[in-house]
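J.: Just a sequence and a predicted model for now, questions to come.
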Amino acid sequence: MEKKVDTPRGRLAAFRGIPGKKPARPGVRTCVAAVLVTCLLTWAGCKQQGGPPPQGAPEVAVLTVQPERVVLTTDLPGRTAAFLISEIRPQVNGLIQKRLFEEGAEVKAGDVLYQIDPAPFEAALASAKASLARAEAGLVAIRLRVDRYKGLLADKAISQQDYDDASAAMKQAEAEIAFCKAAVRTAEINLAYTRVTAPISGRIGKSSVTEGALVTAYQPVALATIQQLDPIYVDVPQSTTQLLRLQRRMEDGRLNPNGTNQNKVKLVMEDGVPFELEGTLQFQDITVDPTTGSVILRVLFPNPDRTLLPGMFVRAVISEGVNEKAILVPQQAVSRNSKGEPMAMIVNAGNTVEPRMLTLDRAIGDKWLVASGLAPGDRVIVDGLQKARPGAVVAAVPLMKADEADAPAERTASVSVQ
């Protein structure tokens, strides 16, 4: 009688039906055959229909490119400047008796700021008036003499020379009176100049002199400076390169200048907080600064709370126009080749990875504005780029984001110029 040995090799031989060994059970063979047939039929059906990629293809998240409306703006650095500036200087010599304003306060046109000692100018005015009175008194006697000589000349009682001398003396007296009147007017003006007044309304700065200081007429150092801060100017330099690029975009039809109010300008403060009021573009200078290659844009902003002060650095957001068919892709979807050129990986109709060279316009938030290289309907790989190789077959999965459901239909794009 043959002895049965229960070993793994013996069990494997029995399963395969090796001659001389115990045959395998028929049910097991039928199950294995059925599984193999099912797998073959499934593979054949997928290949015949051109359906999803074969099992085991790496999954990548793709974004289907769709055009959208984007308002394009330019973010330019600028500096604020006062609407009106007046440097206060004395127009006569003298000692400062009083300072009649508070430093940093608001003053109105005509307010007295300084009082210069008026005593010397009052004396000069009195002297000029006395000279005028003396000249007017002398004119009366000379005029009467001329009237008498005129009658005597008709009777041949005096010579023509005597009459001519009297007439010349009267004219000299009249000229003396005119000169004295001018001296009186000059003395009055100088006396008025001892009261230094504000020529404009605005905020006055610190005083450079104190009471008792000696000042001279039209001195180079201003006594104080008044600046009108509401409204206020913002001077923004714009490079000629950017200006020419903007003109070409409009000529090519890539920008619609009528889609937005280009005269309205927004402002961002130094701390990054937007200014609550909009400004109006006043003019664009026609002269290019040869040292910087830029032209100046002047914008007028209302400043009722005096938030903006002269000399502050700000950023002006200037409207360029509207791109009705802008193509935006996430920045993580764009990579660089060895030459530093931007490129993106797309999944074509055959689920094959294909590289695509891009031309980028600017960054808009966390996305790139693509000028060329992509078309509506392209599936751009956003996530899984490390698994995507050109020519490889991948399984494309739509990129889903929670915030895209509430995204606005219109975006605002800004390019920042340092």
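T.: Looks like it came in fine. Numbering: from 1, shown residues only.

J.: Residue 173 belongs to a helix, doesn't it?
T.: Yes: according to DSSP: H, G, I helix; E, B strand; the rest coil, residue 173 belongs to a helix.

J.: Distance of it relative to residue 275?
T.: Relative to residue 275, residue 173 is positioned 69 Å away (criterion: C-beta to C-beta, to the nearest Å). Just so you know, the C-beta spots here come from the backbone N, C-alpha and C atoms, and that holds for glycine as well.

J.: Is the residue nearest to the spatial centre of the chain bridged to anything, and to what?
T.: Closest to where the C-alpha atoms of the chain average out (C-alpha atoms, centre = their mean) is residue 316, at 1.5 Å. The bridge-partner assignment for residue 316, based on DSSP bridges, gives residue 76, residue 267.

J.: If I look at it, what pLDDT would I see?
T.: With respect to pLDDT, residue 316 scores 90.

J.: which stretches of this protein have low pLDDT?
T.: For the chain, the stretches flagged by pLDDT under 70 are 1-56, 249-262, 401-418.

J.: any idea how it splits into domains?
T.: With automatic domain parsing as the criterion, the domains of the chain are listed as 59-72+324-416, 73-82+229-320, 90-116+195-221, 118-193.

J.: follow-up on the earlier one: so the residue nearest to the centre of the chain sits right up against residue 264, yeah?
T.: No: taking contact to mean C-beta atoms under 8 Å, the distance of 11.0 Å between residue 316 and residue 264 leaves them out of contact.

J.: Contacts made by stretch 164-178 with the rest, please.
T.: Counting by C-beta atoms under 8 Å, 6 or more residues apart in numbering, stretch 164-178 makes contact with 132, 135, 136, 138, 139, 142, 143, 145, 146, 149, all of which sit outside it.

J.: List the buried residues of it.
T.: By neighbour count, with 16 or more other C-beta atoms under 10 Å as the criterion, the buried positions of stretch 164-178 are 166, 169, 170, 173, 176, 177.

J.: on that earlier part again, so for residue 316 and residue 264, which residues contact both of them?
T.: Common contacts of residue 316 and residue 264, defined by C-beta under 8 Å, 6+ apart, comprise residue 279.

J.: centre of the chain versus stretch 293-302, how much separation?
T.: Put simply, stretch 293-302 sits 8 Å off its chain's centre (C-alpha atoms, centre = their mean, to the nearest Å).

J.: Only the buried residues of that stretch, if you could.
T.: For stretch 293-302, burial by neighbour count (16+ other C-beta under 10 Å) applies to 294, 295, 296, 297, 298, 299, 300, 301.

J.: Just give me the closest of these to residue 325.
T.: For residue 325, the nearest member of the buried residues of stretch 293-302 is residue 297. The distance, counting by C-beta to C-beta, is 28.0 Å.

J.: How about the secondary structure of that closest one?
T.: Using three-state DSSP, the secondary structure recorded for residue 297 is strand.

J.: need the contact list for the residue lying closest to it once chain neighbours are set aside.
T.: If you skip the residues right next to it in sequence, residue 297 has residue 236 as its closest partner in space, 4.4 Å away by C-beta to C-beta, 6 or more residues apart in numbering. For residue 236, the contact set (C-beta under 8 Å, 6+ apart) comprises 76, 77, 78, 296, 297, 298, 299, 316, 318.

J.: Quick check: the gap between residue 236 and residue 356.
T.: Between residue 236 and residue 356 the distance, using C-beta to C-beta, works out to 37 Å.

J.: again with residue 88
T.: For residue 88, the distance to residue 356 - C-beta to C-beta - is 66 Å.

J.: Among these two, which residue is more densely surrounded?
T.: Neighbour totals were compared for residue 88 and residue 356, and residue 88 leads with 21 against 16 (other C-beta atoms under 10 Å).

J.: how much space between that one and residue 205?
T.: Applying C-beta to C-beta, the value for residue 88 to residue 205 is 10 Å.

J.: anything in contact with each of those two?
T.: Once C-beta under 8 Å, 6+ apart is applied, the residues that residue 88 and residue 205 both contact turn out to be 224, 225, 226.

J.: Ranking by neighbours, what's the top pick from those residues?
T.: Going by other C-beta under 10 Å, residue 226 tops the shared contacts of residue 88 and residue 205 with 25 neighbours.
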